[in-house]
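Undergrad: model the following, please.
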Amino acid sequence: MFHRSFTKYHKRNNFRPRNRGRFQSNRGASIPAHQYVSQSQVGPSVENIAITHRFTDFPIDPRIKQNIISHGYSIPTPIQDQAILPILEGKDVVGIANTGTGKTAAFLIPIIQKILHNQSGKTLIIVPTRELAAQIHDELKALSSSLFIHSIICIGGTGINRQIMDIRRNPHVVIGTPGRLKDLINKGFLPLNQFRTVVLDEVDRMLDIGFIHDIKFIISRLPRERQSLFFSATVSGEIQNIINSFLKNPIIISVKVRETVASIDQNIIRVKDKNEKLTKLQTMLRQNDFKKVLVFGRTKWGVERLSKTLQSKGFSVASIHGNKSQNQRIRALSQFKQNQLQVLVATDVVARGLDIEDVTHVINFDEPSTYTDYVHRIGRTGRANKTGIALTFVI
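TA: Next up is the predicted model:
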């Protein structure tokens, strides 16, 4: 539906791909603009990877299996299919997978099983953003429903004193961002010697936003006897160095088969200047098919300005960026997920890992800085084998 409707609108408004334009990739190479123009293909993004297990096959507590069913999972995704057993066996695992492939459940399911059978073992999950920490926390609560597993979030933007009190209650799982975790460690409130399982999730994103030193600081203080789980969409030289220092003889699992999801219809919109870009954005948002739209901007101030402009034009819109309080960010994301907003304007803080159902369009109001950023931005649509549309404005 999205593809047919967009094609009509595209022709009617003379939107043409910019064939001579070029972006810079994160490797410094020049990327031809035609790579950002792709017709959608209905079907899973990992269609060539065979699934060899069902959730009923895994040696996990029947109550966890029931929670899995209640959570809406039927058969494992490829990363779940290949990672759950090695994690249950206590092995270190490196998972290389695209965003939206189900890797959160791939490590949460065996972690919940381990906690049920060894209440003394604690788990530390390190993630790049507050929003991803909250999402993992919600999924953990769903998968461990009625199992009396206590988990907490330690992130910036909220009071540290409340988090200190939460830590003193001896939770089974601590989910946090590197900066806040480092603060708690330095203040002596988060002793790392109790953690027997450690997860680093979205590692490439953590490096992108400058957490490399915090990650190394935390790793250096972890107990030697531990299980280490590592998930990333890419493996650069710096990431390989972290793998070498963090894991012991890991099982390498890679289910990354393409840079962009096949079910996303991608195109570029040429405009003369910023005024035309804003005008065309408003025109698009008034079309019936633009029902749930995620708009990306480059800066916090630009995102806030665009959000207020759209709001003044009558659109139901909110914004998420680094200058918003944590409560404001949670409220905006929750309203968007629950379809109370048509538009969410955001910086790249929501480009990684977040699972938002039925996003019809991703619009890059500002061009992404790197091709990797582009891939993760547009990965918010076309999920769960549904089709979506990604549009990038180019002046």
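
Undergrad: strands along the stretch 251-395 of the chain, start to end?
TA: 251-254, 264-270, 293-296, 317-320, 343-346, 361-364, 388-394 (DSSP state E, counting those that start in this stretch).

Undergrad: flag the shaky bits of the stretch 251-395 of the chain, pLDDT-wise.
TA: 256-262, 351-353, 384-385 (pLDDT under 70).

Undergrad: apply 90 and report the result again.
TA: Applying pLDDT under 90 to the stretch 251-395 of the chain flags the ranges 254-265, 268, 270, 321-330, 333-334, 348-357, 367-388, 394-395.

Undergrad: now do the helices in it.
TA: Assigned by DSSP state H, counting those that start in this stretch, the helices in the stretch 251-395 of the chain fall at 274-285, 300-312, 326-337, 371-378.

Undergrad: can you say which of those is packed in most?
TA: Among the helices of the stretch 251-395 of the chain, helix 371-378 has the highest mean neighbour count (mean count of other CB atoms under 10 Å), at a mean of 24. (C-beta placed from N, C-alpha, C; glycine too.)

Undergrad: so which elements touch it?
TA: strand 22-24, helix 203-208, strand 361-364, strand 388-394 (3 or more CB pairs under 8 Å, 6 or more residues apart in numbering; DSSP states H and E).

Undergrad: try it again with 7 Å
TA: strand 361-364 (3 or more CB pairs under 7 Å, 6 or more residues apart in numbering; DSSP states H and E).

Undergrad: partners of the strand it packs on in the sheet?
TA: According to DSSP bridges, strand 361-364 forms sheet pairs with strand 293-296 (parallel), strand 388-394 (parallel).

Undergrad: for residue 222, find the nearest of the ones you listed.
TA: Residue 222 lies closest to strand 293-296 among these, at 34.7 Å (CB to CB).

Undergrad: pull out the buried positions in the closest one.
TA: 293, 294, 295, 296 (16 or more other CB atoms under 10 Å).

Undergrad: sorry, back to before: and residue 129, which of the strands of the stretch 251-395 of the chain is closest to it?
TA: Using CB to CB, the nearest of those to residue 129 is strand 317-320, at 10.0 Å.

Undergrad: got the contact list for that closest one?
TA: Residues from elsewhere that reach strand 317-320 (CB atoms under 7 Å, 6 or more residues apart in numbering): 303-304, 307, 310-311, 329, 332-333, 335-336, 341-346, 349-350.

Undergrad: chain center to that strand: distance?
TA: 18 Å (CA atoms, centre = their mean, to the nearest Å).

Undergrad: ok, stretch 307-322 next?
TA: Remark: stretch 307-322 is offset 22 Å from the chain centroid, using CA atoms, centre = their mean.

Undergrad: what distance separates the opening and closing residues of it?
TA: 14 Å (CA to CA, to the nearest Å).

Undergrad: quick one: the strands in the stretch 1-150 of the chain?
TA: Going by DSSP E, counting those that start in this stretch, the stretch 1-150 of the chain shows strands at 22-24, 30-32, 93-96, 122-126.

Undergrad: list the strands paired with the longest one, with their directions.
TA: Read it as strand 122-126. strand 173-176 (parallel), strand 195-200 (parallel).

Undergrad: can you point out the buried residues in that strand?
TA: Applying a neighbour-count criterion of 16+ other CB under 10 Å, one finds 122, 123, 124, 125, 126 buried in strand 122-126.

Undergrad: for the fourth one, give its distance to residue 151.
TA: From residue 125 over to residue 151 the distance is 9 Å, taken as CB to CB, to the nearest Å.

Undergrad: helices of the stretch 101-250 of the chain, start to end?
TA: 103-117, 130-143, 160-168, 178-186, 203-208, 212-220, 237-246.

Undergrad: turn those into TSV, including mean neighbour count and mean pLDDT.
TA: Formatted as TSV, those follow (neighbours: other CB atoms under 10 Å; pLDDT from 0 to 100):
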stretch	mean neighbour count	mean pLDDT
helix 103-117	23	95
helix 130-143	19	93
helix 160-168	14	95
helix 178-186	18	95
helix 203-208	23	82
helix 212-220	16	91
helix 237-246	14	86
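
Undergrad: among these, which comes closest to residue 372?
TA: Closest among the helices of the stretch 101-250 of the chain, using CB to CB: helix 203-208, at 7.3 Å.

Undergrad: ok, back up a step: anything in contact with each of residue 125 and residue 151?
TA: Joint contacts of residue 125 and residue 151 (CB under 7 Å, 6+ apart) are 173, 175.

Undergrad: thinking again about what came up before, the strands paired with strand 361-364: which one's closest to residue 371?
TA: strand 388-394 (11.4 Å).

Undergrad: dump that closest one to CSV, restricted to CA.
TA: C-alpha atoms of strand 388-394 as CSV (Å, rounded to 0.1, in the frame of the first residue of the first chain):
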residue,chain,number,x,y,z
GLY,A,388,7.7,1.1,4.7
ILE,A,389,9.1,4.2,3.0
ALA,A,390,12.3,6.1,3.7
LEU,A,391,12.8,9.6,2.1
THR,A,392,15.8,11.8,2.3
PHE,A,393,15.8,15.6,1.5
VAL,A,394,18.8,16.8,-0.5
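
Undergrad: perfect, that will be all.
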